[in-house]
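Asks: With the input below, show me the fold.
(one chain, ligands or ions: 1)
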Amino acid sequence: MSYSRVRIAARLRPAIPGEQHDKAIRLVRTDAGSAICVDNPRDPSQTFKYPFSSCYDEFSTQEEIFERDVQPLIELAFSGITVTVFAYGVTSSGKTHTMQGNKDQPGIIPRAVEDIFTRTASLRYQSSIQVSYMEIYKDEVYDLLVDRDTAAKLPVRENEFGQVFVANLSIVPVNTLQDFDKLFTSANKQRSVSSTNLNSVSSRSHAILTLHVSVVDPVHNMTLSGKLNLVDLAGSENNKHTGNDAARMAESAAINKSLSVLGQVVHALNSGASRIPYRNSKLTRILQDALGGSSEGLLICNLAPGTKFRQDTLNTLNFAVRSKNIQNKPVVNQQATIPVPGPSRSTIPLPAPSGRQSLLPNAIPGPSRLPGPRPSRAPRPSAIEVVDTRSLLPPATMVKHQPPPLPVHLTEEEINMRIAKAVELEVARRLEEERARERQRREEEEAAAEASRSASMQEESRSQDSSLQSLPSGLLTPLLKSSRDSHDDELKRRLDELEARFERANKTAVHLADALSPVSRKKTGRAYVALARSQSNKNNLEVALDLYRKAESYVPDNVKLKDRWIFFAPGV
Ligand SMILES: Nc1ncnc2c1ncn2[C@@H]1O[C@H](COP(=O)(O)OP(=O)(O)OP(=O)(O)O)[C@@H](O)[C@H]1O
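Replies: Residues are numbered from 1 along each chain as shown. Reported below is the predicted structural model:
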């Protein structure tokens, strides 16, 4: 299975009426690629440069962004992969404009839905499209497809396979673009928005629209279930600028807290932390799958222009740079299309065969096309599963809550065999995960033991060094004090022993003279001089010369000594 990093796109919006227009934040294109450049607020002579593979300036169109960065991901959703597109940025930076747009400039959401319908129309397999739409407002989840007056706070749960889902969230089938438009327009009226100094229709919640795409392959008796999560995050807020009242401040605190947890999750993933704080906010819990999980990700960083937004822009870009390192392991959500009654059976996820192709005629292969290095932790399977169905739509339009009837007929025995196989594979997968965790634990223990061994070896070596360095002053000084003929032998033995011990301890090409302190060097040099002198007095000139040479290696700057051994040297 291949790994994939979260891809980043940056989009700078144009200045809106009343805003100062300056070039503190700008897009620069070079042959090497494009980058967002921001002047350093502390030193205007410096510019921070953020290169991304996709950078859009104020003149970019909705169409460009969709075609370049989003459309290729829709193809993956048809291959049974969960795809998540986030719009991230400070309040009023253009997230909602990018995701939803307006009638004249439709954003990613309407374009994606249209694209999905176009694809399904040309598909030779049976397919279905379903929609769910939720908002996270002050860390509570609400269904945007039910009447807000009666909408309950929805719990976030985890099933036995570790998949996170929002319980009781509606999932509504849509058969035409018009169906979707009606549903989406009505749902957006329920979204929490307010006016702030920075945005007259500021989103006060994170909105997650999920398009579920199911394609039935009758030949292989398989259903590929892909998902496209389109996430319009609430904007981080600098309350110096927003002019928020008490109610807005409370919303702002919740928004900033959940975005800060998002930052912590990204940081933990990138630093290889053993615990990722997904549970610290509903936002990260629900998007767990898109952050270091089994989803493909695109983060669009929306940027507002001008000096006023410079610090916010730097924060957004720094977050984007950190997010670039997140690795996901996209997984094909593929199920045997068997008419098994009961939800627990129908949700058993089957591992994907490698190289599984999309069911679209011209689709690129699924996960095998998503290369990348291995992540530091095992990813989890799909998230944001949806159970129970309720809707704003009249009951007549809600007939297709479950995947469409299947054109495949299986015997009871075949069904049981398939279930057994699915369970077997799931158990094998879990065992393998367990083994991988165990391997990692052992490797960590070994690394820790190795580190402690090497620390104690270093400590030992340090103490040997210090004992060697202190040796001359402890052992040689008394000998030097009375170093005359009677002690020659002992002094020589001590010096030889000292050098031999040093050589034994240091197999590298380090000389004792280099390892000693200046004082110890001088003393050792003096000891050799004393010996040399005594040998010279005995007329053992060869030996004296050798000892003077040795002495010189300890005190190379001693001119007198140099003169002396030159005097002894042959041919002088
Ligand atoms: N690319 C763009 N072209 C033209 N107008 C834009 C663009 N991006 C944003 N705008 C305008 O800027 C204003 C703020 O945009 P938007 O509401 O999308 O910001 P936001 O990031 O969603 O803000 P919040 O977090 O407060 O909800 C809107 O009036 C929007 O129409």
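
Asks: For the residue in the stretch 451-572 of the chain positioned nearest to the ligand, what is the enclosing helix or strand?
Replies: Proximity of the stretch 451-572 of the chain to the ligand (Cβ to the nearest ligand atom) peaks at A451, 46.3 Å away. Just so you know, the C-beta spots here come from the backbone N, C-alpha and C atoms, and that holds for glycine as well. Using DSSP states H and E, A451 sits within helix 412-471.

Asks: sorry, back to before: number of nearby residues for the residue of the stretch 451-572 of the chain closest to the ligand?
Replies: A count of neighbours around A451, defined by other Cβ atoms under 10 Å, yields 10.

Asks: I'd like to know how many residues surround whatever residue of the stretch 251-400 of the chain ends up closest to the ligand.
Replies: Closest residue of the stretch 251-400 of the chain to the ligand, Cβ to the nearest ligand atom: N302 (5.5 Å). N302: 27 surrounding residues under other Cβ under 10 Å.

Asks: Correct me if wrong: it contacts T98.
Replies: Yes - if you go by Cβ atoms under 8 Å, N302 and T98 touch, sitting 6.0 Å apart.

Asks: Kindly point out which residues are neighbours of both of those two.
Replies: Counting by Cβ atoms under 8 Å, 6 or more residues apart in numbering, the contacts common to N302 and T98 are 11, 87.

Asks: Now the residue of the stretch 251-400 of the chain closest to the ligand. Its backbone dihedrals?
Replies: Backbone torsions of N302, given as degrees, to the nearest 10, read phi -90, psi 130.

Asks: Quick check: the gap between it and M134.
Replies: 21 Å (Cβ to Cβ, to the nearest Å).

Asks: now V38
Replies: V38 is 34 Å from M134, by Cβ to Cβ.

Asks: Counting neighbours, go ahead and name the busier of those two.
Replies: The neighbour count for V38 versus M134, taken as other Cβ under 10 Å, is higher for M134 (26 against 21).

Asks: Which pLDDT value goes with that one?
Replies: Per-residue pLDDT puts M134 at 94.

Asks: Now H21: closest residue in space that isn't a chain neighbour?
Replies: Leaving out its chain neighbours, the residue that sits closest to H21 by Cβ to Cβ, 6 or more residues apart in numbering is A15, at 4.2 Å.

Asks: contacting residues around that neighbour?
Replies: 21, 58, 305-306.

Asks: Including secondary structure, could those go into CSV?
Replies: Converted to CSV, these look like this (DSSP: H, G, I helix; E, B strand; the rest coil):
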residue, secondary structure
H21, coil
E58, coil
P305, coil
G306, coil
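
Asks: Farthest pair within the residues you listed?
Replies: The most widely separated members of the contacts of A15 are E58 and G306, with 11.0 Å between them, by Cβ to Cβ.

Asks: Going along the chain, name the strands of the stretch 251-400 of the chain.
Replies: Using DSSP state E, counting those that start in this stretch, the strands found in the stretch 251-400 of the chain span residues 295-303, 327-328, 334-336, 385-386.

Asks: need the least confident one among those strands, by mean pLDDT.
Replies: Looking at the strands of the stretch 251-400 of the chain, the bottom one is strand 385-386 with a mean of 30.

Asks: what about the nearest residue to V261 once chain neighbours are set aside, how many neighbours?
Replies: Excluding its sequence neighbours, the residue lying closest to V261 (Cβ to Cβ, 6+ apart) is S281, at 4.0 Å. The local packing of S281 (other Cβ under 10 Å) involves 22 other residues.

Asks: Correct me if wrong: S281 contacts D139.
Replies: Yes - the criterion here is Cβ under 8 Å, and S281 meets it with D139 at 6.3 Å.

Asks: Overlap of the contact sets of these two?
Replies: 257-258.

Asks: Could I get the pLDDT score of the residue in the stretch 151-300 of the chain positioned nearest to the ligand?
Replies: At 2.7 Å from the ligand, G235 is the closest residue in the stretch 151-300 of the chain, using Cβ to the nearest ligand atom. As predicted, G235 sits at a pLDDT of 81.

Asks: Repeat that for Q469.
Replies: 43.

Asks: do R380 as well
Replies: Residue-level pLDDT assigned to R380 equals 34.

Asks: How is V216 assigned, secondary-structure-wise?
Replies: strand.

Asks: Surely it touches Q126?
Replies: Yes - with contacts counted by Cβ under 8 Å, V216 reaches Q126, the gap being 4.4 Å.

Asks: Nearest residue to L291 in space, please, no chain neighbours.
Replies: Nearest residue to L291 in three dimensions, chain neighbours excluded: V265, at 5.6 Å (Cβ to Cβ, 6+ apart).

Asks: Hmm, that neighbour is touching R285, no?
Replies: No - using Cβ under 8 Å, V265 is not in contact with R285; the gap is 9.7 Å.

Asks: intersection of neighbour lists for these two?
Replies: Counting by Cβ under 8 Å, 6+ apart, the residues touching both V265 and R285 are Y278.

Asks: When these two are compared, which one has more neighbours?
Replies: V265 (26 against 21).

Asks: residues contacting G306?
Replies: If you count contacts by Cβ under 8 Å, 6+ apart, then G306 has 15, 19-22, 24-25 around it.

Asks: ok, and the most crowded of those?
Replies: The member of the contacts of G306 that has the most neighbours, counting by other Cβ under 10 Å, is I25 with 24 neighbours.

Asks: Bridged to it, which residues?
Replies: V38 (DSSP bridges).

Asks: Please determine how far it is located from the ligand.
Replies: I25 sits 14 Å away from the ligand, going by Cβ to the nearest ligand atom, to the nearest Å.

Asks: Great, nothing more from me.
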